[in-house]
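> give me the fold of what follows.
(one chain, ligands or ions: 1)
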Amino acid sequence: MFPKQKVHEISTDQLGYNFSIKSNVVIKLRYNKNELEKEYLRSKLITEVHQRFDIECKKLFFFRYTPKDSLNRILLEQLSVPKNDLIPLPRHVLELDTLDKEIKNVFCLTCKIDSKTVRIRLKKLIKECIYFAKQMLKNDYFQLIEKNNLSDLLDLYDTLTDSELEQIFLNKRAVYVNLLQTRIESRLMYLKQVMFNELTKLSFDLKKIKEENYTSDKVSVELGQKVIVRYKDKQFELNYFHYYKLKDLFLSNEFFDEYLFVLLSRYQTFFRHNHQINEGYGMQASLSKNVFKQLNRLFGVTHEAFASPFNCYFRNYCSAFPDIDCLFGSSGSFFDYEPIEGSFEANPPFTEEVIERMSVHIENLLKSSLRPLSFVVFIPEWLDPPTTGLLNMEKSKYLRKTFNVEKNKHRYICGSQYVDGLDSYLYQAAHNTRIFFLQNDAGNLQWPIDQTKIDLLIKSME
Ligand code: SAH
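This is a model prediction of the structure:
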């Protein structure tokens with residue numbers, strides 16, 4: 001009943017998934033009729049939290065769009081707490097550091113700039129700084145910023161070099177920052193408090209949903225140009241390659257459509273997708289099929305430490321939402337997973353806190369096992385300042401090799417691979433990628449590393 005050539009077309013070269021070795025494990029599921037309705041309610045709650053975040057960001061910092069992926073990143077961080085129950089209770093408002101960083105990175109008065117980008121961004125930044133300052137200082141604006149008015153810089157725009165432009169911009173902006181420091185900080189604190197309350201409420205409400213009984217309506221699956229899965233007023237799309245991939249991964253013989261809806265709804269609403277600003281898929285991007293093939297061939301890799309049923313290449317993988325993902329073969333969250341043997345690839349969501357926790361977890365795993373254990377880790381080379389996770393791995397006693405692959409020399413598969421058409425699959429990395437080989441002695445013996453293998457791996461990333 002399905003357009004076979006389409007499946008074939010997409011599966012040919014670029015997409016990663018190893019259809020070959022299907023295991024015989026079939027889980028006999030007791031399908032819980034509540035589950036559809038529960039997911040429907042969960043998705044509404046999570047959407048509300050995203051909306052609240054939007055409203056507050058716009059109100060407090062006058063953003064046109066909420067900083068891209070900020071809340072997604074914060075939610076991902078919550079998912080990297082061991083033994084989490086979807087959303088654990090946040091511990092303390094001050095621990096929402098990620099939120100602080102996310103806002104500061106994009107807010108006009110605190111964002112980083114460098115000579116290379118200053119000319120492109122200058123006009124917009126100046127406009128935003130002035131707008132924010134005027135809103136805050138009202139009638140005092142001209143009086144307080146008279147000498148250092150940022151708009152004067154635009155007159156010099158064509159006569160200055162990039163680095164002069166950068167320097168003068170930073171000096172002038174510092175005057176604004178000085179005047180507004182306390183207000184920025186108090187707005188940030190307020191935002192943190194709001195989000196702390198929201199996440200606390202979300203955590204309670206999700207628990208309540210788990211315990212209640214509901215009745216579900218029917219789910220419908222339409223096989224048209226794409227596959228459309230509907231439940232009540234919600235609908236999600238995916239392409240045929242992934243529809244059949246998920247069928248193949250599914251560990252039961254029954255209720256596929258129902259669980260497919262839950263899976264799609266979870267990933268698409270939890271990590272909010274906004275096509276306009278390309279939000280939501282960034283932290284779902286994966287290495288390409290060729291890289292996985294080489295990792296398997298050269299270093300015996302058979303398991304992904306960070307994946308989803310959509311982006312996994314191997315049948316063995318860890319993922320963010322064990323309750324639903326396990327039905328599609330996931331081994332649960334990486335932070336609850338304690339293998340003593342095996343060769344793993346780890347390409348975590350690019351969030352500093354998650355990368356740091358991953359580095360600690362890998363170190364502990366390697367310390368605890370005498371059997372062959374090996375991790376090949378891919379993270380962005382963020383050096384300004386160097387991230388804690390990166391430093392941890394650099395000084396690990398299990399580090400066998402680390403090197404950098406330049407950003408223009410490798411590509412990733414887009415996180416929207418399960419929805420989009422073939423043409424948008426591969427994209428050039430936005431940063432250099434740092435690769436680490438971390439192995440205990442037995443792991444190194446079993447999966448040795450040499451320059452020829454490294455060269456082949458780098459080549460496969462092109
Ligand atoms: N599997 C691909 C893509 C990795 S993208 C690869 O290895 O190249 C990072 C993935 O980690 C995302 O799919 C994200 O949902 C998942 N993830 C998030 N939290 C996780 C957790 N606690 N344990 C395992 N995976 C997690």
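
> for the chain, which residues are neighbours of the ligand?
Neighbours of the ligand within the chain, by Cβ under 6 Å from any ligand atom: 76, 79-80, 284, 286-287, 304, 306-308, 311-312, 318-320, 333-335, 345, 347-349. Every residue, glycine included, has its C-beta placed from N, CA and C.

> among those residues, which are located in helices?
Judged by DSSP state H, these include residue 76 as members of helices.

> please, a PyMOL command that selects the buried ones among the residues of the chain next to the ligand?
Of these, the buried ones can be selected in PyMOL as follows, counting by 16 or more other Cβ atoms under 10 Å:
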select buried, resi 76+79+80+284+286+287+304+306+307+308+311+312+318+319+320+333+334+335+345+347+348+349
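
> strands - which of the residues of the chain next to the ligand land there?
Within the residues of the chain next to the ligand, residues falling in strands by DSSP state E are 304, 306-307, 318-319, 345.

> need the max-distance pair from those residues.
Pairwise distances across those peak at 13.7 Å for 319 and 345 (criterion: Cβ to Cβ).

> let's have the ones in strands among the residues of the chain next to the ligand in JSON lines, adding pLDDT and distance to residue 399.
Below are those laid out as JSON lines (pLDDT from 0 to 100; distance: Cβ to Cβ, whole Å):
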{"residue": "304", "pLDDT": "97", "distance to residue 399": "21"}
{"residue": "306", "pLDDT": "97", "distance to residue 399": "19"}
{"residue": "307", "pLDDT": "97", "distance to residue 399": "23"}
{"residue": "318", "pLDDT": "96", "distance to residue 399": "22"}
{"residue": "319", "pLDDT": "95", "distance to residue 399": "26"}
{"residue": "345", "pLDDT": "98", "distance to residue 399": "16"}
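
> would you format the residues you listed as a markdown table with distance to residue 148 included?
Compiled in a markdown table, those are given as follows (distance: Cβ to Cβ, whole Å):
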| residue | distance to residue 148 |
| --- | --- |
| 304 | 52 |
| 306 | 46 |
| 307 | 50 |
| 318 | 52 |
| 319 | 51 |
| 345 | 51 |
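
> ok, the most far-flung residue of the chain relative to its centre to residue 179 distance?
What lies farthest from the middle of the chain is residue 143; by Cα atoms, centre = their mean that is 44.2 Å. Remark: distance between residue 143 and residue 179 (Cβ to Cβ, to the nearest Å) = 11 Å.

> swap in residue 266?
For residue 266, the distance to residue 179 equals 45 Å [Cβ to Cβ].

> once you drop chain neighbours, what's closest to the residue positioned nearest the centre of the chain?
In the chain, the residue lying closest to the centroid (Cα atoms, centre = their mean) is residue 283, at 2.3 Å. Of all residues not flanking residue 283 in the chain, residue 349 sits nearest, at 4.0 Å (Cβ to Cβ, 6 or more residues apart in numbering).

> quick one: contacts for that neighbour?
By Cβ atoms under 8 Å, 6 or more residues apart in numbering, the contact set of residue 349 is 73, 76, 283-284, 306.

> cool, and residue 279?
68-69, 72, 272-273.

> now for these: which two are most distant?
Across the contacts of residue 279, the longest distance by Cβ to Cβ is 11.2 Å; it joins 68 and 273.

> hey, which helix is longest across this protein?
The chain, longest helix under DSSP H: helix 162-211.

> so residue 221 sits against residue 231, correct?
No: counting by Cβ atoms under 8 Å, residue 221 does not reach residue 231; the two are 10.1 Å apart.

> test for you: state the pLDDT assigned to residue 336.
Looking at residue 336, its pLDDT is 93.

> got the phi/psi numbers for the spatially closest residue to residue 291 that is not a sequence neighbour?
Leaving aside its sequence neighbours, residue 291 sits nearest to residue 460 (Cβ to Cβ, 6+ apart; 4.8 Å). Dihedral pair for residue 460: phi -70, psi -20, per degrees, to the nearest 10.

> what do you get for residue 333?
Torsion angles at residue 333 (phi, psi; degrees, to the nearest 10) stand at phi -70, psi 140.

> show the average pLDDT along the strand or helix carrying residue 100.
Assigned by DSSP states H and E, residue 100 belongs to helix 97-106. Helix 97-106 carries an average pLDDT of 86.

> what segments of the stretch 251-400 of the chain are strands?
303-307, 316-319, 342-346, 373-380, 399-405 (DSSP state E, counting those that start in this stretch).

> now the shortest one, how far from the centre of its chain.
The chain centroid and the centroid of strand 316-319 are separated by 15 Å, computed with Cα atoms, centre = their mean, to the nearest Å.

> could you list every helix and strand in contact with the longest helix of the chain?
Applying 3 or more Cβ pairs under 8 Å, 6 or more residues apart in numbering; DSSP states H and E, one finds that helix 162-211 contacts helix 34-61, helix 70-78, helix 97-106, helix 115-137, helix 141-145, helix 153-156.

> need the winner for burial among the ones you listed.
The highest mean neighbour count among those, using mean count of other Cβ atoms under 10 Å, belongs to helix 70-78: a mean of 22.

> what's that one packed up against?
Judged by 3+ Cβ pairs under 8 Å, 6+ apart, helix 70-78 is in contact with helix 34-61, helix 97-106, helix 162-211, helix 352-368.

> helix or strand: which one has residue 438?
Short version, using DSSP H and E: residue 438 is in strand 433-439.

> who touches the closest residue to residue 72 other than its chain neighbours in this structure?
Of all residues not flanking residue 72 in the chain, residue 271 sits nearest, at 4.6 Å (Cβ to Cβ, 6+ apart). Residues in contact with residue 271, defined by Cβ under 8 Å, 6+ apart, are 72, 75-76, 280-281, 283-284.
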